[in-house]
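>>> Following is a predicted model, sequence given first.
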Amino acid sequence: MLGDFTYCNPTKLYFGRNALEGLKEELPKYGKNVLLVYGGGSIKKNGIYDKVLALLGECGKTVYEDAGVMPNPTVEKLYEGVQRARDCKADLILAVGGGSVCDYAKAVSVSVNCKEDPWEKYFIKFDDVDDGCKIVPVGCVLTMVGTGSEMNGGSVITNHKQKLKVGHVFGENVFPRFSVLDPEFTFTLPKYQMTAGFFDIMSHILEQYFSGEDDNTSDYIAEGLMRSLIKSSEAALKNPLDYEARSNIMWTATWALNTLIAKGKATDWEVHMLGQAVGAHTDATHGMTLSAVSLAYYRHIMPFGLKKFVRFATNVWGVSAAGKTDETVANEGLAAMEGWMRRIGLVMNISDLGVTEDMLDGIVKSTFINEGGYKVLSPEEVKEILKESM
Ligand code: NZQ
Ligand code: ZN
């Protein structure tokens, strides 16, 4: 049953092979100074950097650069970016990269005109952006698919000293004003990143799907998105240049986490809490931290949301329920998901990400406990799940 909500997603999307041309429509809307934010250099190798720079030049922009945004952007890099954006009086922050670059751009955008320490304010105290604080607009050119950062208010920053990886979900005023989604830009992704992105998408859908027991339109949309992802992921693995598959995956990723399928749902996000804690201690690739903990987590909570796990098995994985108990059907659904995860080559254990037994207590401490799923975990249960994920 849907409750009361407002829905607004202000991000304008340009999708397809000529999507970058959208910059010609968007750039004139902003002032002269553009802070071009990007990562470790993949965009220079695959030519996206040159294409973006040419369009910025065509539109008469003065370009300042902030390069070297690392996967899982750090708080130190955030401080550096804020200073850079202040120095160049950025009118627009143009993020060209994956979720890390987009997330970072948003964190800079809300911090440029904020006097307080952004880590304390946004990632420890979870304050909103102050009314008087002018948010510098952000635009994205997406090169890695998975996070949904291109059409949401999420921004995840890692503090290695404090062993915390924290996401702040900002409001619509912080969503990218526009995002360019050209599936061909993702063709150069290494297989490891591509498949990590596949599981990030799956996890975002599951985090929203596995909560509540009511009949809810959001769940039917979620099932369709999962089925599309499963089909296209296998096709993309066979042929990474399969435009049909890569474009479907890109579109699925955006809709998996742009607030639509959260409508009317409590939403769980405990897999992300576990994965982010693992990430805070290992700096591992986000999607792989999720794949490594998911099965242990879902097998643990299954008895508390059994009916939904049965529905997942039948509607998403095509498990036949005839003559079987609910437990059997639910387990077969998770087994089918495990089969898919292994086929696409995901990391299945946190020990493969560098976690050792002596790190487990620290990871438990770094794990936030959420209340929207089928079972509120105790710290002991968190440890049990981590142990099972080793
Ligand atoms: O840095 P470069 O050289 O660009 O290389 C990147 C990086 O090494 C590379 N890459 C990206 N596009 C490429 C490419 N290599 C070749 N060709 C291309 N076209 O891929 C590597 C990973 O990039 P990254 O941006 O880190 O990946 P992803 O998009 O998975 O972002 C991960 C970050 O997003 C956060 C994660 O926690 C993590 O910090 N998340 C953000 C969310 C949100 N905003 O809502 C939600 C997610 O759950 C997630 O937590
Ligand atoms: Zn994620």
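All right, it came through fine. Quantities reported herein were computed from a predicted structural model and do not represent experimental measurements. Ligands and ions are numbered 1, 2, ... in the order given.
>>> what does this structure have sitting close to ligand 1?
Residues of the chain lying close to ligand 1 by C-beta under 6 Å from any ligand atom are 39-43, 46, 71-72, 97-101, 103, 143-144, 146-149, 152, 154-156, 167, 185-186, 188-189, 193, 197, 200, 257, 272, 286-287. Placement of C-beta: from N, CA and C, glycine included.
>>> Show the buried residues in those residues.
Listed as buried from the residues of the chain next to ligand 1 are 39, 42-43, 46, 71-72, 97-101, 103, 143-144, 146-149, 152, 154-156, 167, 185-186, 188-189, 193, 197, 200, 257, 272, 286-287; burial here means 16 or more other C-beta atoms under 10 Å.
>>> Count the residues that sit near residue 38.
26 (other C-beta atoms under 10 Å).
>>> Which strand residues bridge it?
For residue 38, the beta-bridge partners are residue 96 (DSSP bridges).
>>> How much space separates it from residue 175?
20 Å (C-beta to C-beta, to the nearest Å).
>>> Strands - which of the buried ones among the residues of the chain next to ligand 1 land there?
Those of these mapping onto strands are 97, 154, 155, 156, 167, per DSSP state E.
>>> Export the residues you listed as JSON lines, with columns for pLDDT.
JSON lines is the format used below for those (pLDDT from 0 to 100):
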{"residue": "97", "pLDDT": "98"}
{"residue": "154", "pLDDT": "98"}
{"residue": "155", "pLDDT": "98"}
{"residue": "156", "pLDDT": "97"}
{"residue": "167", "pLDDT": "96"}
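>>> Let's have those in CSV, adding distance to residue 58.
Output for those, formatted as CSV (distance: C-beta to C-beta, whole Å):
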residue, distance to residue 58
97, 21
154, 31
155, 30
156, 33
167, 36
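>>> Go through these and say which is closest to ligand 1.
Distances from ligand 1 to these, taken as C-beta to the nearest ligand atom, are shortest for residue 154 (2.4 Å).
>>> Look up how far residue 276 lies from that closest one.
12 Å.
>>> any shared contact partners between these two?
Residues touching both residue 154 and residue 276 (C-beta atoms under 8 Å, 6 or more residues apart in numbering): residue 167.
>>> just checking, what packs against the longest helix out of those in the chain?
Criterion DSSP state H: the longest helix present in the chain is helix 217-238. Packing contacts for helix 217-238, counted by 3 or more C-beta pairs under 8 Å, 6 or more residues apart in numbering; DSSP states H and E, involve helix 191-209, helix 243-256, helix 306-317, helix 326-343.
>>> For that helix, buried residues please.
Buried, per 16+ other C-beta under 10 Å, within helix 217-238: 218-219, 221-226, 228-230, 232-233, 236-237.
>>> quick one, phi psi at residue 18?
Here is the backbone geometry of residue 18 (degrees, to the nearest 10): phi -110, psi 20.
>>> again with residue 14
Residue torsions, per degrees, to the nearest 10, at residue 14 are phi -120, psi 120.
>>> any weak-confidence spans in the stretch 1-150 of the chain?
1 (pLDDT under 70).
>>> As a check, name the ranges of all strands in it.
Assigned by DSSP state E, counting those that start in this stretch, the stretch 1-150 of the chain shows strands spanning 12-15, 33-38, 62-66, 92-97, 138-142.
>>> out of those, nearest to residue 354?
Proximity to residue 354 (C-beta to C-beta) singles out strand 92-97 among the strands of the stretch 1-150 of the chain, at 24.2 Å.
>>> quick revisit: as CSV, the strands of the stretch 1-150 of the chain with distance to residue 25 would be great.
Listed next are the strands of the stretch 1-150 of the chain as CSV, based on distance: least, C-beta to C-beta, whole Å:
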stretch, distance to residue 25
strand 12-15, 8
strand 33-38, 15
strand 62-66, 18
strand 92-97, 14
strand 138-142, 11
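>>> And residue 318, how far from residue 333?
9 Å.
>>> Tell me which of these two has more neighbours.
Using other C-beta under 10 Å as the criterion, residue 318 and residue 333 rank with residue 333 on top: 24 against 10.
>>> Counting neighbours, what do you get for the closest residue to that one other than its chain neighbours?
The shortest distance from residue 333 to any non-neighbouring residue, by C-beta to C-beta, 6 or more residues apart in numbering, is to residue 313 (2.5 Å). Counted with other C-beta under 10 Å, the neighbours of residue 313 add up to 25.
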